[in-house]
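Asks: No letters, just coordinates:
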């Protein structure tokens, strides 16, 4: 009971233990039994009735979403849950109470499947506990996405934000607009040089995309594990890959585009005209139909360069027809129009914080304030639900130490301790503002995440700290490090190539002398610049 992550609201030990034996049966409503059996798949539990089962499930309407109670006696295990997610999380807690071999894919001989007696009463502080996975900059095969879902689930994280479109690649099949995946899903090469250096490229094509059937599989796999997939189509900026496929959607007639082979911000931007809205509506419909359930869809809105809108006579005339005064107002109108389309389909829009500053969003639009608490508080005060996503400490593309031994990262430094100390809803905010913080999400931007091994290193164990904070509602307690040390044994059994707390293993080291080149991005300098930006009203200019 002393080594659970995230920490339960209440956990009490009792004398004795319960042993799972071959054929141990679970009884109760199917929608509660199946999630428990999935969480404990290594045990291969059976189904039974109340008379024969030693693990009994009941539904308790008094328990809220994702809540559960777990009572372990010497002769039986009793689980009460408010819903299927609560039942699944009860199963995950039982999994952590078992020997670490429970985190392997099969039951190994010689393992005694025994748990200590006791009681757990648990429920999450926040409803949004997520991870953002950028598959646009560097594509990750479907197997890595499914594995990420498994890792989120065992940490009781419940949102996978999939960044499917950006300048460097479009990652989803489209039957309505097939050039999106035929042209926009791959680039000819990728930049290898760093800041303040002459550009150099690897000359190696990079690409990939998920079919709509893949997306349907990802969605179903996630739902079974209490994870909601939040797809993102980032518009109207970050549009090079879209415009490489369909240049007519751009703001400058006749301009040709290519899938971007470098990092950073591009001036490529969609035209905010009816044809673009129709195009995006068709794409949204494909995503919603494939995923089956899409309560949220992220439409981006960040880092838009609006110069091409101001230079276009057609766009200026359209803006005047709408009665809007500036390109910034048109940017806000465009995102509001997309949010309205999604609302008609039963889906809520999510945006990055630049989209909020204009003040024209639908009230039900969720805001992700990546630029920090100041803009997050403004969004909450304006009535929006807020998911905390600040660069510090939730951008996991930043390195965990200022050391030449660390693999190359976008900048430095964000540590496990930084994440564990995070306060998603600051105590200095008004109660109404704090109440609108629905959770947090860590970001895995992939410019420096080329593969699954690097993904493991960047995500864990910082993701464990994020899970702790998002479940409990505030900074981790001092004994978190002790619990984390034990938890890493579970990740070892699962096969996670995480970053050890003492530093990278020999084969995880990288970067060398180039790591500390002139101009390396320091996280504190980034946050100073971000704070300056959030004091201005211009939401349309690039951030970095």
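Replies: Sure, I can see it. As the structure is a computational prediction, the values presented were derived from the model and not from experiment.

Asks: And the host helix or strand of residue 297, what does it pack against?
Replies: Counting by DSSP states H and E, the element that carries residue 297 is strand 296-300. Packing partners of strand 296-300 (3 or more CB pairs under 8 Å, 6 or more residues apart in numbering; DSSP states H and E): strand 228-235, helix 274-291, helix 327-344, strand 348-352. Heads up, the C-betas are built off the backbone N, CA and C, glycines and all.

Asks: Which residues belonging to that strand are considered buried?
Replies: For strand 296-300, burial by neighbour count (16 or more other CB atoms under 10 Å) applies to 296-300.

Asks: Pick out the most distant pair among these.
Replies: Spanning the widest gap among those are 296 and 300, at 13.1 Å by CB to CB.

Asks: which residue sits closest to residue 78, ignoring its sequence neighbours?
Replies: Distances taken as CB to CB, 6 or more residues apart in numbering place residue 71 nearest to residue 78, at 4.4 Å, with adjacent residues excluded.

Asks: now swap in residue 338 and tell me
Replies: Take residue 338 and drop its neighbours on the chain: the residue closest to it by CB to CB, 6+ apart is residue 299, 5.1 Å away.

Asks: Can you give me every residue that contacts the one you found?
Replies: By CB atoms under 8 Å, 6 or more residues apart in numbering, residue 299 lies in contact with 232-235, 335, 338-339, 342, 349-351, 355.

Asks: For residue 50, the count of nearby residues, please.
Replies: As a burial measure, residue 50 scores 11 neighbours (other CB atoms under 10 Å).

Asks: Can you tell me how far it is from residue 58?
Replies: Counting by CB to CB, to the nearest Å, the gap between residue 50 and residue 58 amounts to 10 Å.

Asks: With residue 219 instead?
Replies: 29 Å.

Asks: out of the two, which sits in the busier spot?
Replies: Neighbour count, other CB under 10 Å: between residue 219 and residue 58, residue 219 has more, with 23 against 15.

Asks: Isn't that one up against residue 291?
Replies: Yes - applying CB atoms under 8 Å, one finds residue 219 in contact with residue 291, separated by 4.0 Å.

Asks: returning to that earlier point: pipe the contacts of residue 299 into a markdown table and attach pLDDT per row.
Replies: Shown next, in a markdown table, are the contacts of residue 299 (pLDDT from 0 to 100):
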| residue | pLDDT |
| --- | --- |
| 232 | 98 |
| 233 | 98 |
| 234 | 98 |
| 235 | 98 |
| 335 | 97 |
| 338 | 98 |
| 339 | 98 |
| 342 | 98 |
| 349 | 98 |
| 350 | 98 |
| 351 | 98 |
| 355 | 92 |
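
Asks: First residue to last residue on stretch 75-94, what's the distance there?
Replies: The first residue of stretch 75-94 is 15 Å away from its last residue (CA to CA, to the nearest Å).

Asks: hmm, back to that, what's the pLDDT at the residue nearest to residue 338?
Replies: Residue 299 carries a pLDDT value of 98.

Asks: again, but for residue 541
Replies: Per-residue pLDDT puts residue 541 at 41.

Asks: how about the helices in the stretch 101-250 of the chain?
Replies: In the stretch 101-250 of the chain, the helices defined using DSSP state H, counting those that start in this stretch lie at 142-154, 179-182, 212-224, 240-245.

Asks: which of these is buried the deepest?
Replies: Highest mean neighbour count of these: helix 240-245, a mean of 26 (counted as mean count of other CB atoms under 10 Å).

Asks: For the lowest-mean-pLDDT helix or strand in the chain, which helices and strands make contact with it?
Replies: Scoring the helices and strands of the chain by mean pLDDT, DSSP states H and E places helix 523-533 at the bottom, with a mean of 83. Packing partners of helix 523-533 (3+ CB pairs under 8 Å, 6+ apart): helix 391-394, strand 411-412.

Asks: So for that helix, what gets flagged as buried?
Replies: By neighbour count on 16+ other CB under 10 Å, the buried set for helix 523-533 is 523, 526-527, 530, 533.

Asks: Quick check: the farthest pair among those residues?
Replies: Taking CB to CB, no two of the buried residues of helix 523-533 sit farther apart than 523 and 533, at 15.4 Å.

Asks: Give the bridge partners for residue 69, please.
Replies: Judged by DSSP bridges, the bridge partners of residue 69 are residue 80, residue 121.

Asks: Look up how far residue 228 lies from it.
Replies: Computed as CB to CB, the residue 69 to residue 228 distance reads 24 Å.

Asks: can you check residue 214 too?
Replies: Per CB to CB, residue 214 is found 17 Å from residue 228.

Asks: again, but for residue 261
Replies: Taking CB to CB, one finds residue 261 at 33 Å from residue 228.

Asks: Ok, residue 292 next?
Replies: From residue 292 across to residue 228, the span is 11 Å (CB to CB).

Asks: Looking at those two, which has the bigger crowd around it?
Replies: Neighbour count, other CB under 10 Å: between residue 292 and residue 228, residue 228 has more, with 19 against 12.

Asks: which one is the more buried one nearest to, not counting chain neighbours?
Replies: Residue 228's closest residue in space is residue 159 (CB to CB, 6+ apart), at 5.5 Å.

Asks: Quick check: pLDDT value at the one you found.
Replies: We have a pLDDT of 98 for residue 159.

Asks: OK, contacts around it?
Replies: Residue 159 touches 128-131, 152, 227-228, 230, 439, 441, counting by CB under 8 Å, 6+ apart.

Asks: how many neighbours does residue 507 have?
Replies: Neighbours of residue 507 using other CB under 10 Å come to 8.

Asks: I'd guess it is in a strand, am I close?
Replies: No - under DSSP: H, G, I helix; E, B strand; the rest coil, residue 507 sits outside any strand and is assigned helix.

Asks: distance of it from residue 326?
Replies: Counting by CB to CB, the separation of residue 507 from residue 326 is 53 Å.

Asks: And residue 190, by the same measure?
Replies: Taken as CB to CB, the span from residue 190 to residue 326 is 36 Å.

Asks: who's more crowded, these two?
Replies: Using other CB under 10 Å as the criterion, residue 190 and residue 326 rank with residue 190 on top: 20 against 14.

Asks: The residue lying closest to residue 268 once chain neighbours are set aside: what's it in contact with?
Replies: In space, residue 268 comes closest to residue 240 once its chain neighbours are excluded; the distance is 4.3 Å by CB to CB, 6+ apart. Residue 240 is in contact with 167-168, 257-260, 266, 268, counting by CB under 8 Å, 6+ apart.
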